[in-house]
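In: I'll drop the sequence and a predicted model, then ask my questions.
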Amino acid sequence: MKQIYFTVAMLFVAAISFAQTSELLISKYGEGTSNNKFFEIYNGTGAPVSLDGYAWPSVSNAPTVVGEYEFWNTFNPGAVIADGDVYVVAHGSADASILAQADQTFNFLSNGDDGFALVLNDGTFNDLDMDGEVDAGEMTGFTILDFLGDFNGDPGSGWDVAGVANGTANNTLTRKSSVCSPNNDWDASRGYDASTMMTTAAASEWIVTGSNSGWNTIGSFVGCSTAAALNITSPADGTVLAGGTTNVDIIFSAQNAPATATYDINVDGMVTAGVTSPFPITVQDGGSYMVTVNLVDGATTIASDVTNFSVAFPCDLQIGTITETCQTNTAGVDLYDVTIDYTGGGTSTYTIDTAGNGVVAGDTPSTVAAGQIIITG
């Protein structure tokens, strides 16, 4: 009987941890540097879905007719998303790691201020100009399932999302794993409160991370989950902060966290328990940091996330070890040979000024990345 009870219990846990989504939804979106742009469609419906029955119309900045699409975009003919899988559309000149996960390329993705929708391709096509193409206004009556942005006008540089200004520009957006259905109300999806005219992370269905982040999870997603999850949203993994930065806020949030759960943070091996977000840490120029945040319930870690970031030096060229050797010891002026180790060369034009004393030789930091500058006499 114990085995039966255990099996039933495990099935119950599985049932409450993962459920089916009601429809396809947009699970991830990236608008990074250069052409590093993509979006991802997730199928958690419990069955394979043919994308012939879907489309993703869009607008560029402000639409010609407010509220209407300008461009009717379709998926590759015959494309199917297996249950639990995703379909990735990426710019054809995106980073190789993005293209490795891409199912389709398209070179007119968002610059942050272009609205896209996931729709059922169930409308009526009226080919007004008889060119065989679905032009603006020629497809009507289709069903909008999900939005990234909207068709209501130019938002400026981008739409605010989850408390992040211009969140759709130069950022990656990942759908919260707890989301069970698409949302054709973009304001609700991005967490916008009309009374305050602001968005919040708590109300948003999206987690916003920095430019060129989240590429390691492109191609995989699990939605409609009640399992606890934790995300560090800032600094994004791989961030290089400007030289002169002395303090950094570690910003994190959890989904489906038990009421009894707490957070601890590990900064390069130093653990602090019972922390809250944002958690400030002190940093210095040239430092590299690994930060782990854990969601802890009792003595058990139930979710965690890690970010690695660094702080640049204010100047590219960094002076290392300086070695002096006295060549002439007199009652008057002594002569020294000086060897200066350096790194960070080859990034600019450098002039070594000895005020007319000594002869400069060795490596040239203007063209040599790392080496020694030698000054004799």
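Out: Looks like it came in fine.
In: Let's verify the residue in the chain sticking out farthest from the centre: helix, strand, or coil?
Out: Within the chain, the residue lying farthest from the chain centre (Cα atoms, centre = their mean) is residue 331, at 65.1 Å. Three-state secondary structure (criterion: DSSP: H, G, I helix; E, B strand; the rest coil) places residue 331 in coil.
In: Residue 219 versus that one, what's the distance?
Out: Note on residue 331: its distance to residue 219, by Cβ to Cβ, to the nearest Å, is 75 Å. For every residue, glycine as well, the C-beta is placed using N, CA and C.
In: again with residue 106
Out: Counting by Cβ to Cβ, the gap between residue 106 and residue 219 amounts to 17 Å.
In: Residue 223 sits in which helix or strand?
Out: When elements are assigned from DSSP states H and E, residue 223 belongs to no helix and no strand.
In: So what's the residue count around it?
Out: Burial measure for residue 223: 23 neighbouring residues, criterion other Cβ atoms under 10 Å.
In: ok, it touching residue 42?
Out: Yes. Proximity of residue 223 to residue 42 meets the contact threshold set by Cβ atoms under 8 Å, at 5.5 Å.
In: isn't there a strand covering residue 188?
Out: No. For residue 188, which was evaluated using three-state DSSP, the result is helix, with no strand membership.
In: Per-residue pLDDT of it, please?
Out: Looking at residue 188, its pLDDT stands at 98.
In: tell me the contacts of it?
Out: residue 205 (Cβ atoms under 8 Å, 6 or more residues apart in numbering).
In: before we move on, what about residue 292?
Out: 265, 266, 304, 305, 306.
In: residue contacts, residue 79?
Out: Here residue 79 is in contact with 50, 51, 52, 87, 103, 104 (Cβ under 8 Å, 6+ apart).
In: Mind checking which of those land in strands?
Out: The strands in this structure, assigned by DSSP state E, contain 50, 87, 104 from these.
In: Against residue 89, how distant is the residue nearest to the first one when sequence neighbours are not counted?
Out: Right, the one you point to is residue 50. Leaving aside its sequence neighbours, residue 50 sits nearest to residue 80 (Cβ to Cβ, 6 or more residues apart in numbering; 5.3 Å). In this structure, residue 80 lies at 15 Å from residue 89, with Cβ to Cβ as the measure.
In: which of these two has more neighbours?
Out: Neighbour comparison, residue 80 and residue 89: the larger count goes to residue 89, with 20 against 13 (by other Cβ under 10 Å).
In: Contacts only, for the nearest residue in space to the more buried one that is not next to it in sequence.
Out: Taking Cβ to Cβ, 6+ apart as the measure, residue 89 lies nearest to residue 104, with 4.8 Å between them; neighbours along the chain are not counted. With contacts defined as Cβ under 8 Å, 6+ apart, residue 104 is in contact with 75, 76, 79, 87, 88, 89, 90.
In: In this structure the second one contacts residue 102, no?
Out: No. Distance between residue 76 and residue 102: 10.9 Å, which falls outside the contact criterion (Cβ under 8 Å).
In: quick one, which of the two is more surrounded?
Out: When residue 76 is set against residue 102 and neighbours are counted by other Cβ under 10 Å, the residue ahead is residue 102, at 19 against 13.
In: The residue nearest to residue 183 when sequence neighbours are not counted: how many residues sit nearby?
Out: With sequence-adjacent residues excluded and distances taken as Cβ to Cβ, 6+ apart, residue 183 is closest to residue 189, at 4.2 Å. Each residue near residue 189 was counted by other Cβ under 10 Å, and the total is 25.
In: With residue 209 instead?
Out: By other Cβ under 10 Å, the residues close to residue 209 number 23.
In: hey, what's it bridged with?
Out: Using DSSP bridges, the bridge partners assigned to residue 209 are residue 172.
In: same thing with residue 164?
Out: Beta-bridge pairing of residue 164, defined through DSSP bridges, involves residue 161.
In: so it sits right up against residue 173, yeah?
Out: No. Between residue 164 and residue 173 there is no contact, the gap being 9.2 Å when judged by Cβ under 8 Å.
In: who touches both of the two?
Out: Among the neighbours of residue 164, those also in contact with residue 173 (Cβ under 8 Å, 6+ apart) are residue 208.
In: Report the contact partners of the closest residue to residue 74 other than its chain neighbours.
Out: Distances taken as Cβ to Cβ, 6+ apart put residue 55 closest to residue 74, at 4.9 Å, once the chain neighbours are dropped. With contacts taken as Cβ under 8 Å, 6+ apart, residue 55 has the following neighbours: 72, 73, 74, 75, 119, 120, 121, 142.
In: Strands - which of those residues land there?
Out: Among these, the members falling in strands (DSSP E) are 119, 120.
In: If you rank the contacts of residue 55 by neighbours, which is first?
Out: Ranked by neighbour count (other Cβ under 10 Å), the contacts of residue 55 have residue 119 at the top, with 24 neighbours.
In: Can you tell me how far that one is from residue 145?
Out: From residue 119 over to residue 145 the distance is 6 Å, taken as Cβ to Cβ.
In: what do you get for residue 170?
Out: 26 Å.
In: repeat for residue 231
Out: Using Cβ to Cβ, one obtains 25 Å as the distance from residue 231 to residue 145.
In: Not counting stretch 118-131 itself, show me its contacts.
Out: With Cβ under 8 Å, 6+ apart as the test, stretch 118-131 has contacts from 24-26, 41, 52-57, 74, 133-135, 137-147, 182.
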